[in-house]
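Engineer: Sequence plus the predicted model coming up.
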Amino acid sequence: MPLFTKILTSSCKQALEPEKRSCFSRVIFVSEFHQLTKRSSSQTLEVQNNTTTAAAATAAAKDKEEAMVAVSEGLLKPTQHHHCNVKSLQEMPGPKTLSNLVEFFWKDGFGRIHEIQQKHTQEYGKIFKSHFGPQFVVSIADRDMVAQVLRAEGRTPQRANMESWQEYRDLRGRATGLISAEGEQWLKMRSVLRQKVLKPKDVAVFSEGVNEVITDLIKRIHTLRSQEEDGETVTNVNNLFFKYSMEGVATILYESRLGCLENNIPEKTVEYIEALELMFSMFKTTMYAGAIPKWLRPFIPKPWREFCRSWDGLFKFSQIHVDNKIKDIQSQLDQGEEVKGGLLTYLLLTKELTVEEIYANMTEMLLAGVDTTSFTLSWATYLLAKYPEVQQSVYEEIVNNLGKDQVPTSDDVPKLPMIRGLLKETLRLFPVLPGNGRVTQEDLVVGGYLIPKGTQLALCHYATSYEEENFPMANDFRPERWLRKDNMDRVDNFGSIPFGYGIRSCIGKRIAELEIHLALIQLLQNFEIKVSPKTKPVKAKTHGLLTPGDSINVKFADRK
Ligand code: HEM
């Protein structure tokens with residue numbers, strides 16, 4: 001069967017009309033469907049006849065809707081009557097462009113993307129379309145539909161909206177890292193990196209280094225709280241956790257310590273940490289720079305300029321550390337010593353990635369690994385302070401299974417299911433990435449709609465995380481909902497997939513879990529986390545990521 005079959009425009013138009021579609025019996029999905037109506041003047045259209053997609057379509061059709069558009073070598077052949085409900089994108093509900101503009105630009109929608117997800121889901125249903133300037137997005141806020149999309153992914157799923165990242169890299173002659181790369185280039189790098197960080201046992205080797213950072217974190221808490229009147233409160237815990245996450249990720253990625261948590265940081269290091277903090281915050285502010293059309297840049301140059309400046313800083317930072325490692329390795333080799341080390345050493349020795357690719361991946365992992373971890377730790381401490389009975393049960397589990405003083409390693413975590421539940425529940429309530437993007441690589445039928453190849457999808461994790469049908473008493477903080485009743489019990493739930501799912505999911509998941517689990521265990525062994533008069537209700541806001549909208553201030557009281 002030829003890959004491309006030609007279909008007469010007029011027949012296609014018929015196929016798009018729901019009432020006329022029902023008389024075609026062969027199931028196929030029409031590529032570039034959204035462009036069909038635009039091309040009314042052309043006589044023919046090329047339509048990809050993809051057998052895999054047709055099979056997926058048949059399965060989908062059995063499930064809920066029958067999918068049917070049109071096919072055949074040359075002409076559409078109406079054969080037999082067949083009931084078909086596949087709807088077109090034109091029929092999909094969604095907010096009007098103007099109301100989106102008002103929502104985002106007049107009502108500070110960029111800070112409330114997570115709430116808008118929920119609002120639009122209530123207004124338009126669990127699958128809806130939106131226009132953001134030139135961008136057209138189909139949002140999916142249903143657990144089963146999200147599962148369907150992610151399970152159907154091919155070997156190189158495509159992330160949406162990475163053009164501005166790619167543009168920066170082209171401009172500076174830099175390589176792409178895992179986040180921004182696509183296709184075979186992405187697959188090659190992913191295959192190398194996944195061997196070192198994707199399994200719990202791969203990251204277990206980092207336990208010792210992470211525990212050293214935690215020792216410094218605890219010392220720092222002692223210092224900070226001693227500066228407060230009550231001797232217990234730490235204000236804006238996120239500042240502290242930012243430094244912890246930066247230090248932790250640097251230990252793992254660069255195999256070196258930065259000294260972010262020292263009490264007396266040399267002035268040079270202070271400047272350097274401040275510059276890093278600035279770059280992170282600038283990055284969040286400017287990450288929408290790519291949404292501004294290029295022709296507008298001469299008139300509004302600042303966002304793009306700052307976006308490039310923050311990338312320059314992040315790349316420079318990574319490059320310094322990678323270059324230092326290269327020198328270290330070289331001098332060890334020169335002295336005839338055996339070279340041992342972690343992830344970076346492995347990458348440099350095996351040469352499976354080029355040095356440019358290593359710079360790019362270290363930079364992107366640094367960017368992906370700091371705020372995500374620190375916001376999650378901040379929310380976890382906030383929730384523990386607010387729910388003392390939950391904190392007590394997590395603490396008791398630690399005392400009973402590990403003891404009050406024993407320093408945990410990654411091997412201990414499976415003995416502490418409540419710690420795992422605590423992290424999962426924190427990320428359910430505050431998923432750092434409230435949504436995830438994909439560009440469809442095949443035509444798909446989702447929720448009864450034909451979604452053509454090349455469509456941008458927004459998977460609305462925040463909205464699904466708060467659905468009662470996915471999580472009863474969804475607004476409550478209940479880590480125990482994640483406990484398994486027995487070994488066979490699975491509590492996975494596509495309603496909350498804070499690290500994504502499948503081949504393109506977060507590659508740093510195990511690193512993040514290690515850093516967060518070990519830190520929370522030691523924090524609870526040392527302190528009772530309590531609300532203080534300075535603890536105010538804190539709401540989430542979207543600022544690139546889902547961040548605490550205000551300072552989180554809590555007490556770290558000594559355990560009796
Ligand atoms: C609580 C912490 C974290 C959360 C919630 C988180 C979440 C996510 C999510 C949702 C994605 C997108 C997945 C997808 O598209 O399906 C992602 C991708 C990624 N994350 Fe994380 N992340 C966290 C920590 C980290 C850390 C610590 C690192 C590295 C040290 C990291 C590195 C990455 C990278 C490189 C990608 C791109 C993967 C790819 O495209 O192949 N993340 N993360």
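Structural biologist: Happy to help now that I have it.
Engineer: how much space is there between residue 464 and the ligand?
Structural biologist: Per CB to the nearest ligand atom, to the nearest Å, residue 464 is found 13 Å from the ligand. C-beta here means a position set from N, CA and C on the backbone, and glycine is covered the same way.
Engineer: Check residue 135 too.
Structural biologist: Residue 135 is 18 Å from the ligand, where distance means CB to the nearest ligand atom.
Engineer: Surely that residue touches residue 456?
Structural biologist: Yes - when contacts are counted by CB atoms under 8 Å, residue 135 is listed as touching residue 456 (6.5 Å).
Engineer: Quick check: neighbours shared by those two?
Structural biologist: Taking CB atoms under 8 Å, 6 or more residues apart in numbering as the criterion, residue 135 and residue 456 both touch residue 161.
Engineer: and these two? which has more neighbours close in?
Structural biologist: Between residue 135 and residue 456, residue 456 has the larger neighbour count (other CB atoms under 10 Å), namely 18 against 11.
Engineer: how about the residues of the stretch 451-560 of the chain near the ligand?
Structural biologist: 498, 499, 500, 504, 505, 506, 507, 508, 511, 512 (CB under 6 Å from any ligand atom).
Engineer: Kindly report the same for the chain.
Structural biologist: Applying CB under 6 Å from any ligand atom, we find that the chain lies next to the ligand at 159, 178-179, 190, 249, 364-365, 368-369, 372-373, 376, 427, 432-433, 436, 498-500, 504-508, 511-512.
Engineer: Out of those residues, name the ones that lie in strands.
Structural biologist: Using DSSP state E, the subset of these located in strands is residue 436.
Engineer: For whichever residue of the chain sits closest to the ligand, the count of nearby residues, please.
Structural biologist: Proximity of the chain to the ligand (CB to the nearest ligand atom) peaks at residue 508, 2.0 Å away. Number of residues near residue 508 (other CB under 10 Å) recorded here: 25.
Engineer: From residue 219, how far out is it?
Structural biologist: Distance check for residue 508 against residue 219: by CB to CB, to the nearest Å, it reads 26 Å.
Engineer: And for residue 239?
Structural biologist: To residue 219, residue 239 is 16 Å away according to CB to CB.
Engineer: same check, this time on residue 543
Structural biologist: Distance, residue 543 to residue 219, by CB to CB: 30 Å.
Engineer: So those two - more neighbours on which side?
Structural biologist: Neighbour comparison, residue 543 and residue 219: the larger count goes to residue 543, with 18 against 13 (by other CB under 10 Å).
Engineer: hang on, isn't the more buried one packed against residue 111?
Structural biologist: Yes - with contact defined as CB under 8 Å, residue 543 and residue 111 form a contacting pair (6.7 Å).
Engineer: who touches the residue nearest to residue 357 when sequence neighbours are not counted in this structure?
Structural biologist: Spatial nearest neighbour of residue 357, excluding adjacent residues (CB to CB, 6 or more residues apart in numbering): residue 175 at 4.8 Å. Residues near residue 175 by CB under 8 Å, 6+ apart: 169, 354, 356, 357, 359, 360.
Engineer: Can you pick out the most distant pair from the residues you listed?
Structural biologist: Farthest apart among those by CB to CB are 169 and 354. That separation is 13.6 Å.
Engineer: more neighbours, these two?
Structural biologist: Between residue 169 and residue 354, counted using other CB under 10 Å, the more crowded position is residue 169 (20 against 11).
Engineer: For the closest residue in space to the more buried one that isn't next to it in sequence, give me the pLDDT.
Structural biologist: The shortest distance from residue 169 to any non-neighbouring residue, by CB to CB, 6+ apart, is to residue 176 (5.5 Å). In this model, residue 176 is scored at 96, pLDDT.
Engineer: Quick check, residue 176 in contact with residue 166.
Structural biologist: Yes - using CB under 8 Å, residue 176 is in contact with residue 166, at 6.6 Å.
Engineer: Same drill for those two, tell me which one is more crowded.
Structural biologist: Set residue 176 next to residue 166 and count neighbours by other CB under 10 Å: residue 176 wins out with 22 against 15.
Engineer: if I look at that one, how far off is residue 165?
Structural biologist: Using CB to CB, residue 176 is found at 7 Å from residue 165.
Engineer: Pull the contacting residues for the residue nearest the centre of the chain.
Structural biologist: Nearest residue to the geometric centre of the chain (CA atoms, centre = their mean): residue 433, 4.7 Å. By CB under 8 Å, 6+ apart, the residues touching residue 433 are 372, 461, 498, 500, 545, 546.
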